[in-house]
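Visitor: sequence and predicted model, in that order:
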Amino acid sequence: MKESYVILAACTALVATSYSAETFARRNVTGVEQATPAQERVVQTEQLDEMAVSQRPVWFCSPRSMIGTYQYREDGYWEGVPYRSSGLETYDGRGNIVGMATDSDTGESYRFTGTYQINGDCSGRVMYTGGFYYDVYISPDGSSVEFISTDLGTVLSGPSRRISTRAIVR
């Protein structure tokens, strides 16, 4: 029986020398290795990052992102004819637009009105009185806009940039 204790002690010593103290500390009572505190923090951080990406709604923009007066120009084709216009538009932050422009079709200046919707992902839609529609993509701070006409037979697009936070066109 004394020999059994000696063999058991030798085996325990052998096992003890093949594992570091840290490894023993990471094992629970059933012998399953546990993560170190540093490893746990890495895993928790990765899990939080994954949750943040998958569950975070993308809400950077709203109609209030577009407030003030913007200067724009558009180029393209209207019903197959080259077309260009430029002007000013004032957005009120609540979905309403007033503007003035000059176009290459008539060479005359005119005023117009419209409405707009801006989504949280900074895309949106502008609807001008008279039935003209544009998709818009705005910067999160609302300082610049890219737009493109969505009317059939029309190929118009261009940039727009805020020149004032005030209503210049009324």
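Guide: Good, I have the coordinates.
Visitor: can you show me the strands along this protein?
Guide: 67-78, 81-92, 96-103, 109-118, 123-128, 132-138, 144-149, 154-164 (DSSP state E).
Visitor: now those in CSV, with mean pLDDT?
Guide: Below are the strands of the chain laid out as CSV (pLDDT from 0 to 100):
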stretch, mean pLDDT
strand 67-78, 95
strand 81-92, 95
strand 96-103, 96
strand 109-118, 96
strand 123-128, 96
strand 132-138, 96
strand 144-149, 96
strand 154-164, 96
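Visitor: just the buried positions in stretch 148-166, please.
Guide: 149, 154, 156, 158, 160, 162 (16 or more other Cβ atoms under 10 Å). Yep, even glycine has a C-beta here, placed from its N, CA and C like the rest.
Visitor: what pairs with the third one across the strands?
Guide: Okay, so that is Leu156. On the basis of DSSP bridges, Leu156 is bridged to Gly76.
Visitor: pretty sure it contacts Tyr83?
Guide: Yes: if you go by Cβ atoms under 8 Å, Leu156 and Tyr83 touch, sitting 6.6 Å apart.
Visitor: please identify every residue contacting each of the two.
Guide: 74-77 (Cβ atoms under 8 Å, 6 or more residues apart in numbering).
Visitor: from the buried residues of stretch 148-166, pick the one nearest Arg170.
Guide: Of all these, Arg170 sits closest to Arg162, with 16.6 Å by Cβ to Cβ.
Visitor: residues contacting the closest one?
Guide: 68-70, 142-144.
Visitor: bridging residues for Leu88?
Guide: Here Leu88, judged by DSSP bridges, has bridge partners Gln71, Met100.
Visitor: okay, now it: neighbour count?
Guide: The number of residues packed near Leu88 is 17, by other Cβ atoms under 10 Å.
Visitor: and stretch 115-128, what's buried?
Guide: 116, 118-119, 122, 124, 126, 128.
Visitor: kindly state the beta-bridge partners for Tyr110.
Guide: Ala101.
Visitor: list the contacts for the closest residue to Glu108 other than its chain neighbours?
Guide: In space, and not counting its chain neighbours, Glu108 is closest to Thr102: 6.9 Å by Cβ to Cβ, 6 or more residues apart in numbering. With Cβ under 8 Å, 6+ apart as the criterion, the residues that contact Thr102 are 85-87, 108-110.
Visitor: redo that, cut-off 7 Å
Guide: 85-87, 108-109 (Cβ atoms under 7 Å, 6 or more residues apart in numbering).
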